[in-house]
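A.B. asks: Got a sequence here, can you build the structure:
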Amino acid sequence: MFLSQFVRPAIIRRAFYSTQPEALNGLSAGEKHIYQKLFEALNPHKLHVADVSGGCGSMYAIDIAASKFQGTSIVKQHRMVNEILKEEIKGMHGLQLKTTAK
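C.D. replies: Sure thing, here's the model as predicted:
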């Protein structure tokens, strides 16, 4: 219960990011870097980046929806994101991706 009081507000706060200027508020440096790279490359209408490693930057969860994904398989969508973040991924322990065109 103690942890959930602090984790829940952060998760709720980060879940509503959609436009770049407002979206960068409250993000860690690593989250901002990933967010900006994906935003510039894909111009998504929904983008959520969260450091799920406990703050050390070794694992991220990304939820992204972009029209550039239209007509592509989930595998191709993930490859697009992986290509954009290939240098960052080299230093990560893991990456959780959720992609969609809608």
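A.B. asks: name the helices or strands packed onto the host helix or strand of Y60?
C.D. replies: Using DSSP states H and E, Y60 maps to strand 59-65. Applying 3 or more Cβ pairs under 8 Å, 6 or more residues apart in numbering; DSSP states H and E, one finds that strand 59-65 contacts helix 29-42, strand 46-51, strand 94-100. (Each C-beta comes from the backbone N, C-alpha and C, glycine too.)
A.B. asks: Would you mark the buried spots in the helix or strand following that strand?
C.D. replies: Downstream of strand 59-65, the first helix or strand assigned by DSSP H and E is helix 74-84. By 16 or more other Cβ atoms under 10 Å, the buried positions in helix 74-84 come out as 77-78, 80-81, 84.
A.B. asks: If we only consider these, which is nearest to L47?
C.D. replies: V81 (10.6 Å; Cβ to Cβ).
A.B. asks: you'd agree that closest one is up against P44?
C.D. replies: No: under the criterion of Cβ atoms under 8 Å, V81 is not in contact with P44, lying 10.1 Å apart.
A.B. asks: list residues touching both of these two?
C.D. replies: Listed as contacting both V81 and P44 by Cβ atoms under 8 Å, 6 or more residues apart in numbering are 38, 64.
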